[in-house]
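> Below are the sequence and a predicted model; questions follow.
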Amino acid sequence: MINPHPGLPELDYIKPASLEEASKFLAAHAGEAKPFMGGTDCFVRLRDGAWELKYLVDVKGLDGTNTITFDSQKGLIIGAAVPMNQVISHPDIVKNYPLLSEAARTVASYQLRNRATIVGNICNASPAGDTTGACIVLGGVLNVFGPKGKRTEPLSSFFKGPGKTVLEAGDIVTSISFPLPPNGAVGRYIKLGRNMLSDLSIVGVTVLGYPDKTTKSGYRFKIALASVAPTPLVPTQAEELLAEKAISEETIMEAAQAAMDAATPIDDVRGSARYRKYMVRNLTRQALTDVWKKLTE
Amino acid sequence: MSFHRIILTVNGSTEQVDVPGNMTLLQMLREKLALTGTKNGCAAGECGACTVLMNGEPVNSCMVLAAECDGAEIVTVEGLAQDGQLDIVQQTIIDEGGVQCGFCTPGMLISARALLNRNPSPTEAEIREALVGNLCRCTGYARIISAVKAAAEATQ
Ligand SMILES: Cc1cc2nc3c(=O)[nH]c(=O)nc-3n(C[C@H](O)[C@H](O)[C@H](O)COP(=O)(O)OP(=O)(O)OC[C@H]3O[C@@H](n4cnc5c(N)ncnc54)[C@H](O)[C@@H]3O)c2cc1C
Ligand code: FES
Ligand code: FES
């Protein structure tokens, strides 16, 4: 008989007192222990039997994982344990990184966002992660505490496949850092879901645009696409086009087509590959147009 | 399996509970503390029937481990009424007819209370957004939303 309300399988909850202790434990139990923050991905995987673990290691609240700090010279650091609702309403983020708030606000529900974290969204490495695109276009860098000490991991080389990242057993992301946003930057996240709010994306398009004297067009656009490839996708050809050619409706359409060409989506319950492809083009065009309008206002 | 001893406050009273590592807050409330007002609809964070306040903020109790709740302050639907007096959203959801089978109601009430705590005069769009994680298969939502509006108006 199918149990409609399965509990979590038997496992133990570990609450280490320090990052060193957590990292040692995770390294010593590779394959049978995972770190967690909000647990909103971990618990679902465990309950569905996709993961079998002996231990869940709670890494919330360890050194610096609980705070948001903004410095007008250096930029922003969001602790790995900070729940999304705090990111959404933080005054420095709303003022300087509104794209992060906009993207986080599309995740699930208010209740779930009191647990779900940005770092969890990234480490989960789902191509559908709603905040991943914003973190990529804003130049996010993960601060990692591992068995060999501290290091940083840029998002550009972080994702290796669905659910796969460069992190190894014993690695704990403690926070994500962002440089100051480029002067005059405007962002937009368009999430196409099966309903207006709360569903995972069928397609997600993140765009950040800003004036840039070093490009031929005088502007630079950063684009990230969700749910259309095994990992979050940056359509570099589209970005290059927008740096090279004078920005116009035609250039935007050409870039949107390049984004569509870069996408390699699959058919699944939320949408067909063909539909996704066309929506990449349409939504990239819309997001670029929205950003372009604001840049030239 | 090892047990964790946790001490927490539930609806104002201090509780000491021994919980296995894989027990959720939802299971602990229902099975250890017999607070069956909090419902299990999906056990996957989707439906909101299990919503409780944890340190003042609403969470899906099926997505929190009981062991994580050491030192936490939890409020369930049983804790909304004070001194025999219903919370205003409990009263307005009755008055407006926002309850049919009642399964979603405890979670709905907690989400509504949390919304009014952070925003005493929400717009209809804000009410809808705040309740997006609470599914109701019966009412069609209209009466629940008017109940939250009425509660907000009554407390102005
Ligand atoms: C009902 C429901 C709806 C959802 N809707 C959305 C949605 O609309 N959009 C969306 O993008 N996602 C959605 N999700 C997925 C999930 O909520 C998000 O991905 C969330 O951001 C995960 O954060 P978390 O802190 O809960 O992660 P966790 O579950 O704690 O962790 C996720 C992964 O990251 C790893 N990890 C966590 N913390 C660290 C760390 N510090 N260092 C190294 N590895 C770490 C874990 O081992 C795990 O593999 C939904 C989930 C549910 C249950
Ligand atoms: S039972 Fe927790 S969200 Fe459905
Ligand atoms: S009243 Fe039945 S689910 Fe809402």
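Structure's in. What do you need? Ligands and ions are numbered 1, 2, ... in the order given.
> can you give me the strands in the chain?
Let's take chain A. With strands called from DSSP state E, chain A shows them at A:12-14, A:33-36, A:55-58, A:68-71, A:75-79, A:141-146, A:149-154, A:159-161, A:164-165, A:172-178, A:186-192, A:203-211, A:219-226.
> look at chain B instead
Under DSSP E, chain B gives strands at B:3-10, B:13-20, B:51-54, B:57-60, B:73-75.
> Minimum distance to ligand 2: which of these has it?
With C-beta to the nearest ligand atom as the measure, strand B:57-60 is the member of those nearest ligand 2 (4.2 Å). From N, CA and C alone the C-beta is placed, and that goes for glycine too.
> any residues touching the closest one, and which ones?
Outside strand B:57-60, the residues within contact range by C-beta atoms under 8 Å, 6 or more residues apart in numbering or on different chains are A:85, A:110-112, A:114-115, B:25, B:45, B:48, B:50-53, B:110-111, B:114, B:133.
> give me the number of residues near residue B:66?
Using other C-beta atoms under 10 Å in any protein chain shown, the number of residues around residue B:66 comes to 27.
> was I right about it contacting residue B:7?
No. Using C-beta atoms under 8 Å, residue B:66 is not in contact with residue B:7, being 11.9 Å away.
> those helices in the chain, which residues are they?
Here I'm looking at chain A. Per DSSP state H, chain A carries helices over the ranges A:19-28, A:42-47, A:84-89, A:91-96, A:98-104, A:110-113, A:118-123, A:132-137, A:236-244, A:249-262, A:273-295.
> oops, I was thinking of chain B
With DSSP H as the criterion, chain B has helices spanning B:25-27, B:88-95, B:105-118, B:124-130, B:142-154.
> anything in the shortest one near chain A?
Yes. Figure legend: helix B:25-27 in contact with chain A (C-beta under 8 Å from any C-beta of the partner chain); contacting residues residue B:27.
> That helix - contacts with which helices or strands?
If contacts are counted by 3 or more C-beta pairs under 8 Å, 6 or more residues apart in numbering or on different chains; DSSP states H and E, helix B:25-27 sits against no helix or strand.
> Please name the nearest non-neighbouring residue to residue B:59.
residue A:114 (5.1 Å; C-beta to C-beta, 6 or more residues apart in numbering or on different chains).
> Check the contact between the one you found and residue A:88; I expect there is one.
No. Residue A:114 is beyond contact range of residue A:88, at 10.7 Å (criterion: C-beta under 8 Å).
> So between these two, which is more surrounded?
Legend: neighbour count by other C-beta under 10 Å for residue A:114 and residue A:88, higher for residue A:114 (23 against 18).
> Throw the strands of chain A into CSV and include distance to ligand 2, thanks.
Shown next, in CSV, are those (distance: least, C-beta to the nearest ligand atom, whole Å):
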stretch, distance to ligand 2
strand A:12-14, 19
strand A:33-36, 17
strand A:55-58, 18
strand A:68-71, 27
strand A:75-79, 26
strand A:141-146, 29
strand A:149-154, 32
strand A:159-161, 28
strand A:164-165, 27
strand A:172-178, 26
strand A:186-192, 21
strand A:203-211, 23
strand A:219-226, 24
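> which of the ones you listed sits most buried?
Stretch with highest mean neighbour count among these: strand A:203-211 (a mean of 26; mean count of other C-beta atoms under 10 Å in any protein chain shown).
> how about residue A:275, what does it touch?
residue A:202.
> do you know how far it is from residue B:11?
Residue A:275 sits 48 Å away from residue B:11, taking C-beta to C-beta, to the nearest Å as the criterion.
> Could you pick out the buried ones from the contacts of strand B:57-60?
Using 16 or more other C-beta atoms under 10 Å in any protein chain shown as the burial test, these include A:85, A:110-112, A:114-115, B:25, B:45, B:48, B:50-53, B:110-111, B:114, B:133 as buried.
> which ones among those residues come in contact with ligand 1?
Filtering the buried ones among the contacts of strand B:57-60 for proximity to ligand 1 by C-beta under 6 Å from any ligand atom leaves A:112, A:115, B:45.
> which parts of the stretch 151-297 of chain A sit against ligand 2?
For the stretch 151-297 of chain A, the contact set with ligand 2 under C-beta under 6 Å from any ligand atom is empty.
> What residue, apart from its backbone neighbours, is nearest the residue in chain B positioned nearest to chain A spatially?
Chain B approaches chain A most closely through residue B:133 (2.3 Å), counting by C-beta to the nearest C-beta. Distances taken as C-beta to C-beta, 6+ apart place residue A:109 nearest to residue B:133, at 2.3 Å, with adjacent residues excluded.
> ok, the one you found - how many residues close by?
Using other C-beta under 10 Å, residue A:109 has 25 neighbouring residues.
> quick check: domain ranges of chain B?
B:3-79, B:88-154 (automatic domain parsing).
> can the shortest one be found next to ligand 2?
Looking back up the chat, that one is domain B:88-154. No. Figure legend: domain B:88-154 not in contact with ligand 2 (C-beta under 6 Å from any ligand atom); closest approach 7.3 Å.
> Kindly check the end-to-end length of that domain for me.
8 Å (C-alpha to C-alpha, to the nearest Å).
> who are the neighbours in contact with residue A:159?
Residues near residue A:159 by C-beta under 8 Å, 6+ apart: A:125, A:165, A:231, A:232.
> Look up how far residue B:133 lies from the nearest residue to it once chain neighbours are set aside.
Leaving aside its sequence neighbours, residue A:159 sits nearest to residue A:231 (C-beta to C-beta, 6+ apart; 3.8 Å). The gap separating residue A:231 from residue B:133 is 28 Å, by C-beta to C-beta.
> do residue A:248 as well
As judged by C-beta to C-beta, residue A:248 and residue B:133 stand 42 Å apart.
> next one: residue B:82
For residue B:82, the distance to residue B:133 - C-beta to C-beta - is 25 Å.
> do residue B:7 as well
In this view, residue B:7 and residue B:133 are 29 Å apart by C-beta to C-beta.
> need the residues of chain B near ligand 1, please.
Close to ligand 1, as judged by C-beta under 6 Å from any ligand atom, chain B has residues B:44, B:45, B:46.
> Swap in 8 Å and give it another go.
When proximity is defined as C-beta under 8 Å from any ligand atom, chain B approaches ligand 1 at B:44, B:45, B:46, B:60, B:63, B:133.
> and what of the stretch 151-297 of chain A?
Counting by C-beta under 8 Å from any ligand atom, the stretch 151-297 of chain A comes close to ligand 1 at A:163, A:167, A:171-174, A:191, A:193, A:198-201, A:226.
> can I get the strands of chain B in CSV with distance to residue A:149?
Shown next, in CSV, are these (distance: least, C-beta to C-beta, whole Å):
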stretch, distance to residue A:149
strand B:3-10, 31
strand B:13-20, 35
strand B:51-54, 34
strand B:57-60, 34
strand B:73-75, 37
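> Of these, which is nearest ligand 3?
Nearest of the strands of chain B to ligand 3, taken as C-beta to the nearest ligand atom: strand B:51-54 at 12.9 Å.
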